[in-house]
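Engineer: For reference, the sequence and a predicted model appear below.
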Amino acid sequence: MVKRAHRTQRREESLSRDRIIDVSIELLDGSGEGGLTFRALSERLATGAGAIYWHVANKSELLAAACDAVVARTMNEIVATTPEATIRAVALGFFDVIDEHPWVGSALTSSPELSPIVHILEPLGRQIRALGVPDKQEWAAVGALMAYILGVSRQNAANGEFARTRGLDRSDFLEAVSTAWSQLDPKAYPFARSVARKIRDHDDREDYIAGIDLILAGIKSLRRR
C-alpha cells in the first residue's frame with residue numbers, strides 16, 4: 001500500500017499546475033466556460049481527475065487561475081516607456097486579450113483576491129503617479145481609466161461573441177444599424193441621425209484608444225504645479 005501511494009503521488013506531481021492551466025485556456029477558448037470540465041481536462045491531459053484535483057480544488061479555482069495567467073502574461077509583455085504610452089499599451093493589451101479570449105470578461109472577478117484586476121491596476125497606478133497627479137486625485141484618475149478599460153473591452157468582447165455565435169457578419173450588421181439610424185425621426189434623434197454614416201466604417205480599436213486619450217487629457221490637467 002505504501003508503494004502504491006508513492007507511485008500515485010509521483011504521477012500527480014508529474015502533472016504540473018501550469019500544464020493544467022494551459023489546457024484549461026485551450027478548452028475555454030474553444031468552448032467557453034461550459035467546455036471547461038474536469039472530464040474534458042482529464043481526456044485532454046490523458047490522466048485521472050484525481051491528479052487534477054491534486055493541483056486545483058474546483059472549477060472556480062481553475063477558471064480564476066486561467067484568467068489570472070492570461071492577463072498576467074499580457075501585462076508582463078508590456079515595456080514601460082513614457083507614462084502616456086505605457087497607459088495606452090496596457091489599455092490596448094487588455095482590449096486585445098479579451099477580444100482573443102472572450103471568457104476572460106466574466107472570469108475577471110472569479111478570483112477571491114481579484115488578482116487579474118491587480119495586474120491591470122498596478123501598471124496604471126504607477127504611470128498615474130509618474131504623471132504627477134496629486135495624491136487626493138490618484139484613485140479617481142486610476143478608477144476612471146479602469147472603468148473605461150474594463151467596461152469597453154468587456155462590451156466589445158461580448159459583442160464579438162454574440163456575432164460569432166449567431167453567424168453575423170460585422171459589416172452587414174453595422175450597415176443595418178446605420179440604415180436604421182438614418183431613418184430615425186430627425187426632431188427626436190438629431191445626433192443619432194448625424195452619426196449614422198460613421199457607424200458603417202468605424203474601427204472599434206481606434207475608437208477605444210481615442211477614449212483613452214480623452215481621459216488622459218483630463219488626467220494630465222491634474223498634474224501638480
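Structural biologist: Structure received.
Engineer: Now for Val97: which residues touch it?
Structural biologist: Val97 makes contact with Val70, Val71, Thr74, Val104, according to Cβ atoms under 8 Å, 6 or more residues apart in numbering. Placement of C-beta: from N, CA and C, glycine included.
Engineer: from these, which two are the most distant?
Structural biologist: Largest separation among the contacts of Val97 by Cβ to Cβ: Thr74 and Val104, giving 9.7 Å.
Engineer: Ile128 reaches Ala141, doesn't it?
Structural biologist: Yes - counting by Cβ atoms under 8 Å, Ile128 sits close enough to Ala141 to count as a contact (5.0 Å).
Engineer: what's the overlap in contacts for the two?
Structural biologist: Listed as contacting both Ile128 and Ala141 by Cβ under 8 Å, 6+ apart are Ile219.
Engineer: host element of the residue nearest the centre of the chain?
Structural biologist: When Cα atoms, centre = their mean is applied to the chain, the residue found nearest the centroid is Ile98 (3.5 Å). Assessed by DSSP states H and E, Ile98 sits inside helix 83-100.
Engineer: quick revisit: go through the contacts of Val97 and give me the one with the most neighbours.
Structural biologist: Compared across the contacts of Val97, Val104 has the highest neighbour count, 26 neighbours, by other Cβ atoms under 10 Å.
Engineer: which strands and helices sit next to the strand or helix carrying Val71?
Structural biologist: If you go by DSSP H and E, Val71 is part of helix 59-76. Where contact means 3 or more Cβ pairs under 8 Å, 6 or more residues apart in numbering; DSSP states H and E, helix 59-76 is packed against helix 17-31, helix 83-100, helix 104-107, helix 115-130.
Engineer: how about those, which one is nearest Glu61?
Structural biologist: helix 17-31 (10.5 Å).
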